[in-house]
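*Asks:* Output the structure for:
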Amino acid sequence: MKKVDRGEFIVPGIMATFIAAYHWQVLSIPSEVLLWPYLVTGILLAMMAATVVRILKGAYGTTKEWSLKKPAALLLVTVIYLAAMPFLGYAASSFLFLFGTQAYLGANKKIAFFVSLVLTALLHLVMIRIIDLDLPRLVTPFLTL
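*Replies:* So this is what the prediction gives:
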């Protein structure tokens, strides 16, 4: 019987860390405007639970031997993404992170490109245009992202 590759739990681990950091940041928000943080937390918890269930059921991540090489690489790429964001801006670094991560995990490059582009555009629309957050932006003589 194949055993679950414990390295696959890096994704729910990162999600749990993000949820904790997210709540730490919104502690000072007045209770009247906490609907958005609660909504985001609920969605993230549902996604995390679904991921853990799929891992435990063996839907993916089952191998004869397990290794922490790929999860360590993903963690390193995540740290690089966060470090590069002030220099490349939110949109450019998010696109590169999403595309690079999907490509590294073996996704079809055309689909990964399209998914990364759509997700980056949606995140940009929500975070910068709708919520009006002041996120890092790439400023060049020709383009501002």
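*Asks:* which residues in this protein form strands?
*Replies:* For the chain, applying DSSP state E gives strands covering 3-4, 62-63.
*Asks:* Can you tell me which of these has the worst average pLDDT?
*Replies:* Lowest mean pLDDT within the strands of the chain: strand 62-63, at a mean of 52.
*Asks:* What is the burial count for Thr51?
*Replies:* The local packing of Thr51 (other CB atoms under 10 Å) involves 18 other residues. Quick note: C-beta positions are derived from backbone N, CA and C, even for glycine.
*Asks:* The spatially closest residue to it that is not a sequence neighbour: what's it in contact with?
*Replies:* Excluding its sequence neighbours, the residue lying closest to Thr51 (CB to CB, 6 or more residues apart in numbering) is Pro12, at 5.2 Å. Neighbouring residues of Pro12 by CB atoms under 8 Å, 6 or more residues apart in numbering: Met48, Thr51, Val52, Ile55.
*Asks:* Tell me which stretches of this protein form helices.
*Replies:* 10-25, 35-57, 69-88, 90-104, 109-124 (DSSP state H).
*Asks:* same for the fourth one, what does it pack against?
*Replies:* When you say that, I think you mean helix 90-104. Helices and strands touching helix 90-104, by 3 or more CB pairs under 8 Å, 6 or more residues apart in numbering; DSSP states H and E, are helix 69-88, helix 109-124.
*Asks:* Flag every buried residue along it.
*Replies:* Tyr90, Ala91, Ala92, Ser93, Ser94, Phe95, Leu96, Phe97, Leu98, Phe99, Thr101, Gln102 (16 or more other CB atoms under 10 Å).
*Asks:* Need the per-residue pLDDT for the last one.
*Replies:* In this prediction, Gln102 carries a pLDDT score of 87.
*Asks:* How about the fifth one?
*Replies:* Among the per-residue scores, Ser94 shows a pLDDT of 89.
*Asks:* pretty sure it contacts Val126?
*Replies:* No - between Ser94 and Val126 there is no contact under CB atoms under 8 Å: 11.9 Å.
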